[in-house]
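# return atomic coordinates for the entry below.
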Amino acid sequence: MPKRVSIVIFRECDPSIIYGVFDTLWAAGRFLKNSAGEPLFEPRLVAAEHGPLQLITGVSVIPQDTIDDIGQTDIVFVPNVIVFTPEELYALDRRLIAWVAKMHREGAVICSACGGSLVLAAAGLLSGRETTTHWSHVPVFRREFPDVRLHEDRILVQTGEGHSIISCGGASSWQDLSLLLIARYGSGEEAIRISRLFLYQWHRDGQLPYASMAVNVVHDDGLVLKCQTWLADNYERADVITGAARISGLPKRTFDRRFKAATGYSPLAYVQALRIEEAKQMLETGSAPVDAVGREVGYEDASSFSRLFRRLTGISPGEYRRRFQIPDFARG
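I've put the predicted structure just below:
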């Protein structure tokens with residue numbers, strides 16, 4: 001029998017992942033049938049109530065079922081929820097969160113995409129366990145769920161007994177998770193076929209190449225904010241950290257502790273992240289050689305720049321340029 005997949009819809013969801021997952025799982029085993037001649041999955045859109053549901057993007061979705069209609073399901077899939085503050089997190093529909101927890105207790109495999117792992121954490125399913133999420137959700141996730149081991153650099157994380165809880169990170173990594181489910185419940189061959197059909201590819205490099213600097217700006221330390229502003233204008237200087245400490249008027253060790261307490265970064269890590277962010281912009285938009293880009297952001301030694309770039313992004317500067325620079329046919 002096809003596996004029943006309940007795709008849970010919150011008002012805070014965006015429609016791309018909802019329908020992307022639905023279409024991908026619906027297609028598995030169809031067209032070119034699997035060996036049993038049956039589709040692998042029966043996806044259904046599930047909400048708290050009947051009737052059209054307007055999402056945060058303004059698009060309306062008509063659920064096929066409500067949580068009261070479903071006493072049992074094989075897989076629960078929680079799409080992205082667009083929440084970036086604790087207030088937005090705790091405004092999520094508690095009925096849906098409680099139902100996800102109930103389905104897990106009754107044996108369903110629970111999956112989440114992107115910010116959907118926030119729902120799993122709110123449901124109490126991730127306490128003491130590992131997960132991932134979209135890099136933009138990391139600040140609120142770490143503040144609200146410090147007992148969860150968050151791997152924001154990873155695309156897929158499986159946890160729980162029998163890997164019964166699966167989370168994926170960045171926005172399009174729902175494709176990786178969908179292919180994983182097809183391979184688990186169908187076959188590797190079917191997962192490859194679907195990847196070819198939809199032009200999907202595994203995000204083997206993780207989220208790091210796609211992540212922007214996750215600066216913790218939610219702090220009220222005026223002195224540190226003053227130093228951050230100065231660093232943004234002077235990050236390429238060789239004595240930049242000494243200069244920032246001088247601007248603060250604090251002893252170096254005191255400055256280091258206060259800066260990290262406010263931003264989540266040591267001053268050195270903060271400057272490195274600033275420099276690499278600027279380098280990424282230059283690689284995306286310009287044609288200067290990699291060593292010239294490194295010098296521009298403060299690294300005279302090309303090897304040191306390349307090593308740091310790879311450590312913070314997961315790929316080399318040249319590969320980053322090939323992957324993210326706008327192709328000629330898309331330029332004005």
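# and the helix or strand encompassing Arg257, how far out from the chain's middle?
Under the criterion of DSSP states H and E, Arg257 resides in helix 252-263. Offset of helix 252-263 from its chain centre (Cα atoms, centre = their mean, to the nearest Å): 28 Å.
# quick one, what contacts the residue lying closest to Leu250 once chain neighbours are set aside?
Leaving aside its sequence neighbours, Leu250 sits nearest to Arg258 (Cβ to Cβ, 6 or more residues apart in numbering; 6.7 Å). Using the backbone N, CA and C atoms, a C-beta is placed for each residue, glycine as well. Applying Cβ atoms under 8 Å, 6 or more residues apart in numbering to Arg258 gives the contacts Asp221, Leu223, Val224, Ser248, Leu250.
# now the helix or strand just after the helix holding Arg257: mean pLDDT?
Next along the chain after helix 252-263, taking DSSP H and E as the criterion, comes helix 267-285. Averaged across helix 267-285, the pLDDT comes to 88.
# got the CA positions of helix 267-285 in CSV?
This file holds the C-alpha atoms of helix 267-285, laid out as CSV (Å, rounded to 0.1, in the frame of the first residue of the first chain):
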residue,chain,number,x,y,z
PRO,A,267,36.2,39.7,17.2
LEU,A,268,38.5,37.6,15.0
ALA,A,269,35.7,35.4,13.8
TYR,A,270,33.5,38.4,13.2
VAL,A,271,36.1,40.1,11.0
GLN,A,272,36.8,36.9,9.1
ALA,A,273,33.0,36.5,8.4
LEU,A,274,32.8,40.1,7.3
ARG,A,275,35.7,39.7,4.9
ILE,A,276,34.4,36.4,3.4
GLU,A,277,31.0,38.0,2.9
GLU,A,278,32.6,40.8,1.0
ALA,A,279,34.6,38.3,-1.0
LYS,A,280,31.5,36.4,-1.9
GLN,A,281,29.9,39.6,-3.2
MET,A,282,33.0,40.3,-5.3
LEU,A,283,33.1,36.8,-6.7
GLU,A,284,29.4,36.9,-7.6
THR,A,285,29.5,40.2,-9.4
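# for it, name the packing helices and strands.
helix 222-234, helix 240-248, helix 252-263, helix 290-296, helix 302-313, helix 317-324 (3 or more Cβ pairs under 8 Å, 6 or more residues apart in numbering; DSSP states H and E).
# quick one: mean pLDDT for the last one?
pLDDT averaged over helix 317-324 equals 86, rounded to a whole number.
# same check on the first one?
Averaged across helix 222-234, the pLDDT comes to 89.
# what about the closest residue in space to Gln54 that isn't next to it in sequence, distance to Leu92?
Closest residue to Gln54 apart from its sequence neighbours, by Cβ to Cβ, 6+ apart: Ser60 at 4.9 Å. Computed as Cβ to Cβ, to the nearest Å, the Ser60 to Leu92 distance reads 19 Å.
# more crowded one of the two?
Using other Cβ atoms under 10 Å as the criterion, Ser60 and Leu92 rank with Leu92 on top: 17 against 11.
# give me the pLDDT for the more buried one.
For Leu92, pLDDT reads 97.
# then Pro327?
pLDDT at Pro327 comes out at 70.
# so how far is Glu284 from it?
Using Cβ to Cβ, we find Pro327 at a distance of 12 Å from Glu284.
# between these two, which one's more packed in?
Counting neighbours by other Cβ under 10 Å for Pro327 and for Glu284 shows that Glu284 has the greater number, 13 against 6.
# alpha carbons only: can I get the helix holding Arg257 in CSV?
Taking C-alpha atoms only, helix 252-263 is exported to CSV below (Å, rounded to 0.1, in the frame of the first residue of the first chain):
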residue,chain,number,x,y,z
LYS,A,252,41.5,43.8,25.0
ARG,A,253,40.3,40.8,27.1
THR,A,254,37.3,42.7,28.3
PHE,A,255,36.5,43.9,24.8
ASP,A,256,36.7,40.3,23.5
ARG,A,257,34.3,38.9,26.1
ARG,A,258,31.8,41.8,25.7
PHE,A,259,31.9,41.6,21.9
LYS,A,260,31.2,37.8,21.9
ALA,A,261,28.4,38.1,24.6
ALA,A,262,26.6,40.7,22.4
THR,A,263,27.2,39.2,18.9
